[in-house]
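# next comes the sequence, and after it the predicted model I'd like to discuss.
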Amino acid sequence: ICRVPDLSSLTSLLSLDLSDNVLEGMSDADWPDYLANRLRRLNLSATGIESIGADGNFSIARFSALEDLDISRNNFSSFEDIQDCSTLSQMQRFRVLPSPALQGQGVDSLREAMGKLSSSWPRLRFMNGEAFQQSIELGSNTLEDAISRSIEDSAGSASKESCSCVEGNPCAVPENCIDW
């Protein structure tokens, strides 16, 4: 698909995966208002989006119920393109890496941006595929270590943040299962 499909009849939608589809001209008008308070999971990985901030056509900030967001493998050129994610106070799982342009800005800049984002999310459990809850409980040094690990591991490691057993199905990739 190349556009966000008509979602107006899906009034009970909680999870949406549009990954690996180049979405052209995505805007707030593509998303019914009721989704802003209902949608829990959104996967926009590898969709070609360049911004999810209020300055673009599509603002993620209005999705106040989002707990799981994957915006990895997209065309963000700076951290300003993703800063509106910080308003998503229910965030539990967040993935933005790999993102070549963001990673090209240097590890220190990336670490600082990830730290700012994660400090807005008291419920965060996974960032870029790395378990995160333990780091929040142990303090800022461990928090920084977790951010560093997620940056270092983003280049090619398999995601450890999900398993098909979460949805009641058998484990499709047993090494990704963390015994939910």
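Noted; the coordinates are in hand.

# point out where this protein drops to low pLDDT.
Low-confidence segments of the chain (pLDDT under 70): 1, 54-56, 133-180.

# what segments of it are strands?
Using DSSP state E, the strands of the chain run over residues 15-17, 41-43, 68-70, 93-95, 126-127, 130-131.

# of all those, which one is nearest Ser118?
Of all the strands of the chain, it is strand 126-127 that lies closest to Ser118, at 6.1 Å by Cβ to Cβ. In this view, the C-beta of every residue, glycine as well, is placed from N, C-alpha and C.

# what is the closest one packed up against?
strand 93-95, helix 140-153 (3 or more Cβ pairs under 8 Å, 6 or more residues apart in numbering; DSSP states H and E).

# how far off centre is that strand?
9 Å (Cα atoms, centre = their mean, to the nearest Å).

# strands paired with it, and their directions?
Its sheet considered, strand 126-127 pairs with strand 93-95 (parallel), strand 130-131 (antiparallel) by DSSP bridges.

# mind giving me TSV with those strands and columns for distance to Ala113 and mean neighbour count?
Rendered in TSV, the data for the strands paired with strand 126-127 read as follows (distance: least, Cβ to Cβ, whole Å; neighbours: other Cβ atoms under 10 Å):
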stretch	distance to Ala113	mean neighbour count
strand 93-95	12	25
strand 130-131	16	19
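
# would a markdown table of these with distance to Trp31 be doable?
What follows is the strands paired with strand 126-127, written out as a markdown table (distance: least, Cβ to Cβ, whole Å):
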| stretch | distance to Trp31 |
| --- | --- |
| strand 93-95 | 19 |
| strand 130-131 | 29 |
